[in-house]
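> got a sequence here, can you build the structure:
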Amino acid sequence: PEEKLNLDDSQWEDIHVVTGALKMFFRELPEPLFPYCFFEQFVEAIKIQDNATRIKSIRSLVKRLPRPNYDTMKMLFEHLKKIAAKESVNLMSTQSLGIVFGPTLLRPEKETGNMAVHMLYQNQIVELMLSEYSKIFGS
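Here you go, the predicted model:
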């Protein structure tokens, strides 16, 4: 049965509850928003030294995602960009958003010993996709 949410309920006034629910939604998906089979490819792309080539590579990967993943990602990153634009009020920079959302949206299928290294790349990928949103998602 589908749950009905009452968004007028006072619990939703706390932004942390809303953010927690959003993160939990993405964490609970059977597969992350960035599908497992793309994980290593995104990690390799973020390691590219030349910034223009790195952006092109990420854009190319994003364009190859399944349509529902692409559409959801585009909308989510558009929203996160609006949050980053209000950093002076909410203290959420693109870097902070990368730290919060990187490991939730993008993770390897099997956790290995290099989790700390993966986390750094996960954060950097989200951060780059926010800071270069128009180049990555633009037509």
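> now Gln122, nearest residue through space, not along the chain?
Leaving aside its chain neighbours, Gln122 sits nearest to Gly102 (3.4 Å; criterion: Cβ to Cβ, 6 or more residues apart in numbering). The way it works is simple: take the backbone N, C-alpha and C, and place the C-beta from them, glycine included.
> right, and that neighbour touches Ile125 too?
Yes: counting by Cβ atoms under 8 Å, Gly102 touches Ile125, with 6.6 Å between them.
> that older thread, after the helix or strand where the residue nearest to Gln122 lies, next one along is what?
Gly102 is located in helix 94-105, with elements delineated by DSSP states H and E. Next in sequence after helix 94-105, counting helices and strands by DSSP H and E, comes helix 115-131.
> next up, the contacts around Leu106.
By Cβ atoms under 8 Å, 6 or more residues apart in numbering, the residues touching Leu106 are 32-34, 39, 42, 122, 125-126.
> who's in contact with the closest residue to Thr19 other than its chain neighbours?
In space, and not counting its chain neighbours, Thr19 is closest to Val100: 7.9 Å by Cβ to Cβ, 6+ apart. By Cβ under 8 Å, 6+ apart, the residues touching Val100 are 19, 23, 92.
> give me the below-cutoff pLDDT ranges for this protein.
In the predicted model of the chain, residues 1, 7, 11-12 satisfy pLDDT under 70.
> try 80
By pLDDT under 80, the low-scoring segments of the chain are 1-16, 111-117, 139.
> okay, buried residues for the longest helix anywhere in it please.
Ranked by number of residues, the top helix in the chain under DSSP state H is helix 67-85. Across helix 67-85, burial judged by 16 or more other Cβ atoms under 10 Å covers 69, 72-74, 76-77, 80-81, 83-84.
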